[in-house]
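Colleague: for reference, the sequence and a predicted model appear below.
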Amino acid sequence: MRDTAKMMQTGLGDELFQPTGASGDSAPPALYGGRCNSCGYVFFPPQSYGCERCGSTKIDRTELDGRGTLIASAVVHRHLDPARPAPFIVGSMELERRVVVRGLIEAGQDALAPGCPMETMIVAETRPDRGSTDIRFRPAV
Amino acid sequence: MVKILGDLSPVYVVGIGFHPYQHASDTPYVALGLQAIREALTDAAIAWEDVQSSYVATALLGMAAGRPMLRHLGAHGQPLVHIENASASGSTAFRHACLEVGAGISDVALVVGVDKRTSPVFRAPTGVPSLADDAIVPATHFALLADEYCSRHNVAPEDVALVAVKNHANGALNPNAQRRKVRTLEEVMTRPIAGTLTALQCTPIGEGAAAVIVASEEGIRRLGIDAGRAVRVVSSAAGSEKAGNQTNPDTALSAEIMAQAIREAQIGPRDLDVIEVHDAFAIEELLYAEATGICEQGEFIPLLKEGAFDIGGRCAISASGGLIAMGHPIGPTGVGQVGEIVRQLRGEATGRQQPGARTGLAHMVGIGAVCYVHVLQK
Ligand SMILES: [Zn+2]
C-alpha cells in the first residue's frame, strides 16, 4: 500500500523495511519500527498516531536489526486469500529490543524449531500494488 | 468510590432462550432472534410488556438491526441499544444489562444476540501498514500459539486435539449446537488448516440467536417470577489489551480479568463447577482454562486425559460443546454461554448435566483484544 493519504496519516510513511542492514550492507535487511521519545517503547509496525504504552505522539522511526529468534511457526495448509496461495509458513520472531514481528518464512518446516536464529531476506513481491519487493525470514546460516 | 457489580442490587438471570446455532441458511435474522426471545420470555413466564430495556448484540448485521426484529413482539416504545464488541458482543451486552438492572434503572431487561455470518468481515483500514496481516488470520495466530505451547510443555498435537474430541462429544448432547456429532481423535486430526490445527479444532462459521432475561429482586417479586429457578450474576469483569504483550495478549488479558471476576465473586478458581470459554480454536480452551487457575500451567493435558474437564469431572469445561461444537455465530455466543451456565446451575441440562453444579464462569475474548468474564451462582 503506497497511497499518499495513508502516508500522511501515519506520518512515518508506510515503508516497513530497507534493502540493506542496519549496521551496514553485510547485515540482513533492517525493518523499520517506531520508538517513543517519551517512554522509550519500541514497536513494530511503525506509526505516529501515538505511543501504545504512554500516548505520546513524539515518535521516531527506528531501524531494527534483521536478526532475531524464532518463537513459533506454522505451515498454513488452507488460506482463503488467493493473493497468498497455500501452503506457506508463518512465524513469530523476537528481534532486538524485545520487538515481536510476525511474517512469512522461507524454509522447510523441518529446519524450524522455537529458539532457532532467524534473519530477514528480500524477495520479489507477487501481490499487486505492493511495490516490487517484500521481506521474509529464514533460518540464519 | 467506584463500584463493582456486587455492590449493586442483586441481579438474576430469570429466562433463557435459543434459536439453535446452524450452518448458513436463508432464514432471516429476524426469525432467528424472535425465536430465542420468545423462548426466553416463556422460560421466565413473563410478557414482552414486562421488559423495560433491550440490549441487542450483533457484529455482522450492519446498522440498527434490533428494531426491525423487536417490533414484532409489540412495539411498546421501550429503550433499545445495539452492542458490537467483536466476539465478545454478547458478553458485553449482558454486562451492561446487568449494570442497568443492578443500578435500579430497570427491573427487567432483555439481552439478545443474533447474527448471520458474512465473509470476509468488513473492518475499516487504520492507516497503519502491516507486514503480513493478509497471511495471518485467527487460525494462523492460534496455530502459532499452539506451536509455542506444545514445545514449551512437550505436548503432542494429538493432545491438544483431545479438547475438540471432548467438545464435539458435548455438542452431540446439546440440541442447540451447530455440530452434534461425536468425533474420534482420528477424525479430528484430518483436514489440517494451519500448523497442527485442523478443521474440527476450529469453530465453524454459522448463525443463530440466544437470549436471556435479567431481573432484580423487585422485578422477580413484582412479576411473580419463580425465584427458585433464578440464577444470580455474582460478578462481572472486563478489560482490554495492554501495551507490550505481543505474542499472547488474549491469554495474558484473560488471566487478569478472570482473576478479577473470581475475586469479586468471593470464590476460588477451584470452586468452579462449569466453565464456558472462548474455545474458537482447541488450543484456546487449554490456555484459558489454565488462565482461570483451575490447574497449574502445563497441567491441563494430563487432567484432561483423566477426564477432569468432562461432564461429571471436577469441572465441566464447554459442556455446551463450546465454540468448537455448539458454534460461534458472534453476537449470540456470549449470551448463549450464560444460557448454558444458567441451565447447568438450575440442574436442567438434561443429558449433559454437570452433577451438583453451583458455580459457573463464562469467558469471552474479542479481537482487539477485549475480554469479558461473568461468574454465576445458584
Ligand atoms: Zn511512549
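Modeller: Sure thing, it's come through.
Colleague: and for whichever residue of chain B sits closest to the ion, the neighbour number?
Modeller: Per Cβ to the ion, B:Ala243 is where chain B lies closest to the ion, at 8.3 Å. The way it works is simple: take the backbone N, C-alpha and C, and place the C-beta from them, glycine included. Look at B:Ala243: counted by other Cβ atoms under 10 Å in any protein chain shown, it has 15 neighbours.
Colleague: all helices of chain A, in order?
Modeller: Secondary structure of chain A (DSSP state H): helices located at A:4-10.
Colleague: flag every residue of chain A that's near the ion.
Modeller: Taking Cβ under 5 Å from the ion as the test, the list of chain A residues beside the ion reads A:36, A:38-39, A:41, A:51, A:53-54, A:56.
Colleague: need the residues that contact the one helix or strand in chain B whose mean pLDDT sits lowest.
Modeller: Scoring the helices and strands of chain B by mean pLDDT, DSSP states H and E places helix B:138-153 at the bottom, with a mean of 94. For helix B:138-153, contacts defined as Cβ atoms under 8 Å, 6 or more residues apart in numbering or on different chains pick out A:71-74, A:76, A:90-92, A:102, A:113-114, B:155-157, B:159-160, B:193-197, B:202, B:247-248, B:251, B:280-284, B:286-287, B:297-298, B:301, B:367.
Colleague: are any of those buried, and if so which?
Modeller: Among the contacts of helix B:138-153, those scoring as buried are A:71-74, A:76, A:90-92, A:102, A:114, B:155, B:157, B:159-160, B:193-197, B:202, B:247-248, B:251, B:280-284, B:286-287, B:301 (criterion: 16 or more other Cβ atoms under 10 Å in any protein chain shown).
Colleague: which residue packs closest to the residue in chain A positioned nearest to chain B, ignoring adjacent ones?
Modeller: In chain A, the residue that lies nearest chain B is A:Ala74 (3.1 Å; Cβ to the nearest Cβ). In this structure, A:Ala74 finds its nearest non-sequential neighbour in B:Gly195, 3.1 Å apart by Cβ to Cβ, 6 or more residues apart in numbering or on different chains.
Colleague: does that neighbour touch A:Val75 like I think?
Modeller: Yes: using Cβ atoms under 8 Å, B:Gly195 is in contact with A:Val75, at 6.3 Å.
Colleague: please, which helix or strand holds B:Val81?
Modeller: Assigned by DSSP states H and E, B:Val81 belongs to strand B:80-83.
Colleague: now what about that strand, what contacts it?
Modeller: Here strand B:80-83 makes contact (Cβ under 8 Å, 6+ apart) with B:53-58, B:64-67, B:70, B:89, B:92-93, B:96.
Colleague: neighbours of B:Cys371, how many?
Modeller: Per other Cβ under 10 Å, the neighbour tally for B:Cys371 reads 31.
Colleague: quick check: beta-bridge partners of it?
Modeller: B:Gly239, B:Val365 (DSSP bridges).
Colleague: is it true that it touches B:Ala291?
Modeller: No: the criterion here is Cβ under 8 Å, and B:Cys371 misses it with B:Ala291 at 9.9 Å.
Colleague: quick one: common contacting residues for the two?
Modeller: Shared contacts of B:Cys371 and B:Ala291, defined by Cβ under 8 Å, 6+ apart, are found at B:Ser254.
Colleague: counting neighbours, what do you get for residue 52?
Modeller: You didn't say which chain, so I picked chain A. Per other Cβ under 10 Å, the neighbour tally for A:Glu52 reads 15.
Colleague: sorry, should have said chain B
Modeller: The number of residues packed near B:Gln52 is 18, by other Cβ under 10 Å.
Colleague: which residues touch it?
Modeller: B:Gln52 makes contacts with B:78-79, B:106-109, as judged by Cβ under 8 Å, 6+ apart.
Colleague: buried subset of those residues as a ChimeraX selection?
Modeller: Here is the ChimeraX command that selects the buried residues among the contacts of B:Gln52 (16+ other Cβ under 10 Å):
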select /B:78,106,107,108,109
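Colleague: name the nearest of the contacts of B:Gln52 relative to chain A.
Modeller: Nearest to chain A among the contacts of B:Gln52 is B:Pro79, at 34.1 Å by Cβ to the nearest Cβ.
Colleague: average pLDDT across stretch B:313-327?
Modeller: Computed over stretch B:313-327, the mean pLDDT rounds to 98.
Colleague: put the alpha carbons of it into PDB.
Modeller: Coordinates of each C-alpha in stretch B:313-327 appear next as PDB, following Å, rounded to 0.1, in the frame of the first residue of the first chain:
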ATOM      1  CA  GLY B 313     -15.400 -34.500  36.100                       C
ATOM      2  CA  ARG B 314     -14.100 -32.000  38.600                       C
ATOM      3  CA  CYS B 315     -15.100 -29.000  36.400                       C
ATOM      4  CA  ALA B 316     -17.000 -29.400  33.200                       C
ATOM      5  CA  ILE B 317     -15.500 -27.200  30.500                       C
ATOM      6  CA  SER B 318     -17.500 -26.400  27.400                       C
ATOM      7  CA  ALA B 319     -20.400 -28.700  28.500                       C
ATOM      8  CA  SER B 320     -22.400 -26.900  25.700                       C
ATOM      9  CA  GLY B 321     -19.900 -28.100  23.100                       C
ATOM     10  CA  GLY B 322     -18.200 -24.800  23.300                       C
ATOM     11  CA  LEU B 323     -17.500 -22.600  20.300                       C
ATOM     12  CA  ILE B 324     -15.900 -25.600  18.600                       C
ATOM     13  CA  ALA B 325     -19.100 -27.700  18.600                       C
ATOM     14  CA  MET B 326     -22.000 -25.500  19.800                       C
ATOM     15  CA  GLY B 327     -20.700 -22.900  17.400                       C
END
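Colleague: give me the distance between the nearest residue to B:Ile317 once chain neighbours are set aside and chain A.
Modeller: Once flanking residues are discounted, B:Ile317 sits nearest to B:Phe309: 4.3 Å by Cβ to Cβ, 6+ apart. From B:Phe309 across to chain A, the span is 25 Å (Cβ to the nearest Cβ, to the nearest Å).
Colleague: and the longest strand along chain B, how far from the chain's centre?
Modeller: In chain B, taking DSSP state E as the definition, the longest strand is strand B:11-22. Its chain's C-alpha centre and that of strand B:11-22 lie 12 Å apart, by Cα atoms, centre = their mean, to the nearest Å.
Colleague: again, but for stretch A:40-60
Modeller: Computed by Cα atoms, centre = their mean, the chain-centroid distance of stretch A:40-60 equals 16 Å.
Colleague: and it with chain B, contact?
Modeller: Yes: contact of stretch A:40-60 with chain B (Cβ under 8 Å from any Cβ of the partner chain) involves A:41, A:44-47, A:49, A:51-53.
Colleague: reformat those residues as a markdown table; add pLDDT.
Modeller: Output for those, formatted as a markdown table (pLDDT from 0 to 100):
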| residue | pLDDT |
| --- | --- |
| A:Tyr41 | 96 |
| A:Phe44 | 95 |
| A:Pro45 | 94 |
| A:Pro46 | 95 |
| A:Gln47 | 94 |
| A:Tyr49 | 96 |
| A:Cys51 | 97 |
| A:Glu52 | 95 |
| A:Arg53 | 96 |
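Colleague: any chance of those residues in JSON lines, with distance to A:Arg84 too?
Modeller: Shown next, in JSON lines, are the residues of stretch A:40-60 next to chain B (distance: Cβ to Cβ, whole Å):
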{"residue": "A:Tyr41", "distance to A:Arg84": "30"}
{"residue": "A:Phe44", "distance to A:Arg84": "20"}
{"residue": "A:Pro45", "distance to A:Arg84": "18"}
{"residue": "A:Pro46", "distance to A:Arg84": "23"}
{"residue": "A:Gln47", "distance to A:Arg84": "23"}
{"residue": "A:Tyr49", "distance to A:Arg84": "27"}
{"residue": "A:Cys51", "distance to A:Arg84": "31"}
{"residue": "A:Glu52", "distance to A:Arg84": "27"}
{"residue": "A:Arg53", "distance to A:Arg84": "31"}
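Colleague: mind pulling up the pLDDT for the residue lying farthest from the centre of chain A?
Modeller: Distance from the centre of chain A peaks at A:Ser38, with 23.4 Å (Cα atoms, centre = their mean). We have a pLDDT of 97 for A:Ser38.
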